[in-house]
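> A predicted structure for the sequence below; I have some questions about it.
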Amino acid sequence: MQKLSLSQINIDDKALRVVCRCLVHVHVQLRDLDLSGNYLHYQGTRILVDSLIENRSLKRLNLASNFMKDEGAECVAFYLGLKICLLEQLDLSDNFV
């Protein structure tokens, strides 16, 4: 699987933890992840970034219309600063940043 859309299905930080466990599996080579329109906050963003550090295949990430605020955006900014980050597209719009 290269693309996964979990947009607008009421995922919160707790549910995202389960998704992220799958992302770090050695056989997962996900390139496009859409988590827009959910209920992700700072904690969920931190969990996601931790799993992306291990995944290393993601090219497109959509986190638009969540509740990450400045703290969540700072987590994503940290990830963007890492040499292992391969993101080509990122959407953080409508996140109270």
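All right, it came through fine. These numbers were taken from a predicted model, which means no experiment stands behind them.
> Please make it C-alpha for all contacts and neighbour counts, starting now.
OK.
> S36 and M68 touch, don't they?
No - with contact defined as C-alpha atoms under 8 Å, S36 does not count as touching M68 (11.3 Å).
> what sits in contact with each of those two?
Both S36 and M68 lack any common contact, where contact means C-alpha atoms under 8 Å, 6 or more residues apart in numbering.
> what's in contact with the lengthiest helix in the chain?
Taking DSSP state H as the criterion, the chain has its longest helix at helix 42-55. By C-alpha under 8 Å, 6+ apart, the residues outside helix 42-55 that reach it are 12-14, 16-17, 20-21, 23-26, 28-29, 58, 67-69, 71-72, 75-76, 79, 84-85.
> So how do I select the buried members of those residues in PyMOL?
In PyMOL syntax, the buried subset of these is picked out as below (16 or more other C-alpha atoms under 10 Å):
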select buried, resi 12+13+16+17+20+23+24+29+58+67+68+69+72+75+76+79+85
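> Point out where this protein drops to low pLDDT.
26 (pLDDT under 70).
> can you map out the strands along it?
Using DSSP state E, the strands of the chain run over 3-5, 32-34, 60-62, 89-91.
> how about these in CSV, adding distance to Q43?
Below are those laid out as CSV (distance: least, C-alpha to C-alpha, whole Å):
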stretch, distance to Q43
strand 3-5, 20
strand 32-34, 18
strand 60-62, 17
strand 89-91, 18
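> how about the ones you listed in TSV, adding mean neighbour count and distance to L48?
Output for the strands of the chain, formatted as TSV (neighbours: other C-alpha atoms under 10 Å; distance: least, C-alpha to C-alpha, whole Å):
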stretch	mean neighbour count	distance to L48
strand 3-5	12	14
strand 32-34	18	11
strand 60-62	18	11
strand 89-91	14	14
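> which residues touch Q8?
With contact taken as C-alpha under 8 Å, 6+ apart, Q8 is in contact with 35-38.
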